[in-house]
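Asks: Prediction below, plus the sequence it came from.
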Amino acid sequence: MKTLRTPDRLLAAGLIDAKDLQGISQVAQHFAIGISPQIHALMHHAGPSDPIAAQFVPDIREMDWSAEELQDPIGDEAHSPLAGIVHRYPDRVLFKLTSACPVYCRFCFRRETVGKASEALEEADIGHALAYIESTPQIWEVIVSGGDPLILSPRRLQSIMQRLGAIAHVGVIRFHTRVPVVRPDAINAALIDALKIGKAVYIVLHTNHAQELSADARAACARIIDSGFPMLSQTVLLNGVNADAQTLTTLFRSLVEMRIKPYYLHHGDLARGTAHFRTSIEQGQEIMRELRGAVSGLCQPLYVLDIPGGYGKVPIGPNYVNRMANGGLEVTDMRGVTHDYRP
């Protein structure tokens with residue numbers, strides 16, 4: 001089976017109806033389509049009521065663009081001093097090696113740039129990006145992203161990792177990827193060996209629903225962890241996929257059982273055509289409040305908003321402490337009961 005990349009192939013696979021073909025073809029003119037065989041196999045049925053299909057099968061609602069939605073919702077361009085580098089925070093940079101992914105998420109905040117013709121960063125641009133990291137001593141962490149960096153060949157990744165490993169002031173390298181879930185067969189010995197250098201290397205898995213965690217995905221993650229790489233996860237809060245406490249509890253407990261620490265729960269970005277996925281912040285805060293105390297702290301990520309315009313991530317979870325007029329504090333416990341506290 002091949003990755004499904006066109007509306008015609010989606011129709012042939014039974015993932016869209018003939019009446020929607022024209023609308024989905026319009027979507028394809030703006031946003032890339034990609035559904036790997038492994039992800040296709042995880043769909044229990046076609047249609048947005050399936051949490052896997054909702055994430056990957058294009059929807060004509062993607063052509064509904066509101067004024068507040070942006071082509072670059074998190075402001076990457078404003079902090080990109082050269083191709084492949086985003087330097088938003090002082091001690092870390094984003095190193096975007098490719099704009100290609102093995103699948104294309106319908107809610108992606110980089111959906112305007114992923115899947116373009118020039119998918120991989122040119123060798124000269126990689127050299128310039130590495131030189132930038134080498135010449136900027138405040139960079140302690142390199143976050144390798146894209147696209148999805150783990151679709152690159154082990155040979156190419158090894159060359160880049162060795163160069164990063166030789167930079168004295170770089171202490172941590174972090175990969176953000178969906179590959180262990182959407183192409184678990186790619187997590188092989190050659191890829192794992194390519195990532196091994198004499199520095200801390202973390203792998204952050206993007207996953208949004210426990211239905212994604214197939215036996216093959218679990219085995220791929222185990223290969224990574226057993227090889228010495230700590231794993232974290234990031235999840236996007238999505239209407240129709242995971243926007244309730246029970247669904248997230250199942251996901252986060254499953255991840256912790258797999259030895260993966262939930263790291264971020266992202267509020268949906270203002271990417272064009274994604275309004276049908278976005279919850280309100282208040283809804284997200286209430287979900288986090290339900291998780292607090294009811295679920296192990298190991299299972300609780302940080303709920304964050306990436307401020308539009310490139311101003312960075314901020315925690316937006318519920319507040320449990322209020323300052324009182326008498327100078328004391330009112331603290332709310334996990335049951336919603338308030339208590340006086342005088343520091």
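Replies: The structure has been received and is ready for your questions. Numbers count the residues shown, from 1 in each chain.
Asks: I figured Gly84 hits Ser99, correct?
Replies: No. Counting by CB atoms under 8 Å, Ser99 is not a contact partner of Gly84; they are 10.0 Å apart. For every residue, glycine as well, the C-beta is placed using N, CA and C.
Asks: got a list of what Leu4 touches?
Replies: Residues near Leu4 by CB atoms under 8 Å, 6 or more residues apart in numbering: 10, 13, 15, 33-35, 40.
Asks: In TSV, list those residues along with distance to Gly146.
Replies: Converted to TSV, those look like this (distance: CB to CB, whole Å):
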residue	distance to Gly146
Leu10	24
Ala13	26
Leu15	25
Ile33	17
Gly34	13
Ile35	18
His40	22
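Asks: List just the nearest of those to His169.
Replies: Nearest to His169, judged by CB to CB, of the contacts of Leu4 is Gly34 at 36.4 Å.
Asks: any weak-confidence spans in the stretch 151-300 of the chain?
Replies: The stretch 151-300 of the chain contains no residues with pLDDT under 70.
Asks: Please name the nearest non-neighbouring residue to the most centrally placed residue in the chain.
Replies: The structure's the chain has its C-alpha centroid closest to His206; by CA atoms, centre = their mean the separation is 4.3 Å. Distances taken as CB to CB, 6 or more residues apart in numbering put Arg178 closest to His206, at 4.8 Å, once the chain neighbours are dropped.
Asks: Let me see the contact set for the one you found.
Replies: Shown in contact with Arg178 (CB under 8 Å, 6+ apart): 101-103, 105, 148, 205-207.
Asks: Now Pro48. Nearest residue, chain neighbours left out?
Replies: Once flanking residues are discounted, Pro48 sits nearest to Ala54: 4.6 Å by CB to CB, 6+ apart.
Asks: which parts of the helix or strand the one you found falls within are buried?
Replies: Under the criterion of DSSP states H and E, Ala54 resides in helix 51-56. By neighbour count on 16 or more other CB atoms under 10 Å, the buried set for helix 51-56 is 51-56.
Asks: now do stretch 88-105
Replies: So for stretch 88-105, counting by 16+ other CB under 10 Å, buried means 88, 92-105.
Asks: Which stretches in the stretch 151-300 of the chain count as helices?
Replies: Counting by DSSP state H, counting those that start in this stretch, the segments of the stretch 151-300 of the chain that form helices are 154-165, 179-182, 189-195, 215-226, 245-257, 281-291.
Asks: Done for today, thanks.
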